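K.L.:
no sequence on this one, just coordinates:
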Ligand SMILES: *Cc1c(COP(=O)(O)O)cnc(C)c1O
């Protein structure tokens, strides 16, 4: 068994354990394998181990990988998520190549993605990024801005608003991780009450996935625990 296959089994087992411990079904939690900076050979190993959803942070690197895997035996099963900061001048590449974008934090970029999404493709799935605790980060909106931005994005054709994403400030204490993730889950549930298609709460990485799942995450973004540390 390859290291990546073993790591994937371990991560899936951790998700299942945490889910069971908080009376959730493991099926409610999607595992997104974050393959940024990793070679296509690593992704090939993950695909061989049954992993089909991948997250990429850098537009060109992600597009190169999407093109590389377009002829893979599992290409129709593969689902590519853009999870990095998005600049306006790169929005077209995201609109034309990815199935999901997790980092929408302003209307202008959403409008561009909607305009640039090819008609032949399914709607681009959108998550609004919330800056829940990381004052240093310029990415993400404040929760107070969420109702207005969600209302505007939900009107755009070619996009499907699916939920929220957050990258909290690094925090090693489990209880403090939990407090922040629970704030996100409250915002998610409130939004869901207004928009029936909302079903995705993207939060939790290698070091805080347990707290994220306990607080209600439906999608964890895991890089290091699957592919090893990055250079
Ligand atoms: C790199 C990255 C991840 C994965 O982080 P790990 O700690 O390696 O699991 C998840 N989400 C985003 C937005 C990232 O940039």
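P.N.:
Great, that's in hand. This one's a predicted model, so the numbers in the text were calculated from it and none came from an experiment. Residues are numbered from 1 along each chain as shown.

K.L.:
near the ligand, which residues of the protein?
P.N.:
Neighbours of the ligand within the chain, by Cβ under 6 Å from any ligand atom: 34, 36, 57, 83, 167, 205-207, 221-225. For the C-beta atoms, the positions are set from N, CA and C on the backbone; glycine is no exception.

K.L.:
can you show me the helices along this structure?
P.N.:
Along the chain, counting by DSSP state H, helices occupy 3-21, 40-48, 59-68, 91-97, 107-116, 146-154, 174-194, 209-215, 224-227.

K.L.:
so which of those helices is the most packed in?
P.N.:
Most buried of the helices of the chain, by mean neighbour count (mean count of other Cβ atoms under 10 Å): helix 209-215, with a mean of 23.

K.L.:
for residue 228, give me its contacts.
P.N.:
In this structure, residue 228 makes contact with 3, 7, judged by Cβ atoms under 8 Å, 6 or more residues apart in numbering.

K.L.:
need the pLDDT of it.
P.N.:
Per-residue pLDDT puts residue 228 at 97.

K.L.:
do you know how far it is from residue 216?
P.N.:
In this view, residue 228 and residue 216 are 28 Å apart by Cβ to Cβ, to the nearest Å.

K.L.:
hmm, back to that, so which of the helices of the chain comes closest to residue 77?
P.N.:
When the helices of the chain are compared for distance to residue 77 using Cβ to Cβ, the nearest one is helix 40-48, at 8.5 Å.

K.L.:
quick one: list the elements packing against that closest one.
P.N.:
Packed against helix 40-48 by the contact rule (3 or more Cβ pairs under 8 Å, 6 or more residues apart in numbering; DSSP states H and E) you find helix 3-21, helix 59-68, helix 224-227.

K.L.:
for residue 174, which non-adjacent residue is spatially closest?
P.N.:
With sequence-adjacent residues excluded and distances taken as Cβ to Cβ, 6 or more residues apart in numbering, residue 174 is closest to residue 211, at 5.5 Å.

K.L.:
from the ligand, how far out is the one you found?
P.N.:
As defined by Cβ to the nearest ligand atom, to the nearest Å, residue 211 lies at a distance of 13 Å from the ligand.

K.L.:
out of the residues of the chain next to the ligand, who's nearest residue 110?
P.N.:
Nearest to residue 110, judged by Cβ to Cβ, of these is residue 83 at 16.0 Å.

K.L.:
and for the closest one, the neighbour number?
P.N.:
Residue 83 has 25 neighbours, counted by other Cβ atoms under 10 Å.
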